[in-house]
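Chemist: pasting a predicted model and its sequence here:
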Amino acid sequence: MRAVVQRVSRASVAVEGEVIGQIGRGLLVLLAVGHDDDEAIARWCAQKLLGLRIFEDEAGKMNLDLTEVGGELLAISQFTLYGDCRKGRRPSFVAAGHPERASALVDVFVEEVRALGVGCQTGRFGAMMDVDLINHGPVTLLIDSDKTF
């Protein structure tokens, strides 16, 4: 799995002009599933993200995780994170997981986040979505279960 994680003051996602998910302070996570990903990786990714100490403590240091600040998570599926732009001008998406499997693993990720006690909103898998956010910091991180970055 690959994730782009953004610390936000607020974020929302809309489909065809209708807001279907929104959060206040927390994390916006753009999430992609690769061919070899499984449920264990989806759970690992959820746990990793919730444990990231990227919120400021009273001294202004990034020392607190999402649960410690009572934040929420907005998960948006985005297969294009597996786009390979090294050759030519058109990205290749052959490394992205099959849509049915990817949808199921995004659901596992969301279920794990909720099981760990964090409020989690979502986009709509496979839909054209408009994502609105205020990146607080800005803080943006990349997570890759294959640890290529």
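Modeler: The structure has been received and is ready for your questions. Computed from a predicted model, the values in this text were never measured in an experiment.

Chemist: any residues touching stretch 117-133, and which ones?
Modeler: Identification of contacts with stretch 117-133 by Cβ atoms under 8 Å, 6 or more residues apart in numbering yields 6, 8, 10-15, 20-23, 26, 28, 50, 66-67, 71-77, 99, 102-103, 106, 110, 113-114. No exception for glycine: its C-beta is placed from N, CA and C like everyone else's.

Chemist: start and end of it, how far apart?
Modeler: Stretch 117-133 has an end-to-end distance of 23 Å (Cα to Cα, to the nearest Å).

Chemist: show me what counts as buried in that stretch.
Modeler: By neighbour count on 16 or more other Cβ atoms under 10 Å, the buried set for stretch 117-133 is 118, 120-123, 125, 129, 131, 133.

Chemist: and for stretch 47-62?
Modeler: By 16+ other Cβ under 10 Å, the buried positions in stretch 47-62 come out as 49-50, 52, 54-56.

Chemist: residues contacting that stretch, please?
Modeler: The contact list for stretch 47-62 (Cβ under 8 Å, 6+ apart) reads 3, 5, 7, 27, 29, 63-69, 71, 73, 112-113, 116, 118, 139, 141, 143.

Chemist: do that again at 6 Å, thanks
Modeler: With contacts defined as Cβ atoms under 6 Å, 6 or more residues apart in numbering, stretch 47-62 is touched by 7, 63-66, 69, 116, 139.

Chemist: let me see the mean pLDDT of stretch 63-83.
Modeler: Stretch 63-83 carries an average pLDDT of 97.

Chemist: all further residue positions should be reported with the first residue as 223.
Modeler: Renumbered: residue one is now 223, and that last one reads stretch 285-305.

Chemist: buried residues, that stretch. List them.
Modeler: Those would be 286-288, 293-301, 303-304, for stretch 285-305 by 16+ other Cβ under 10 Å.
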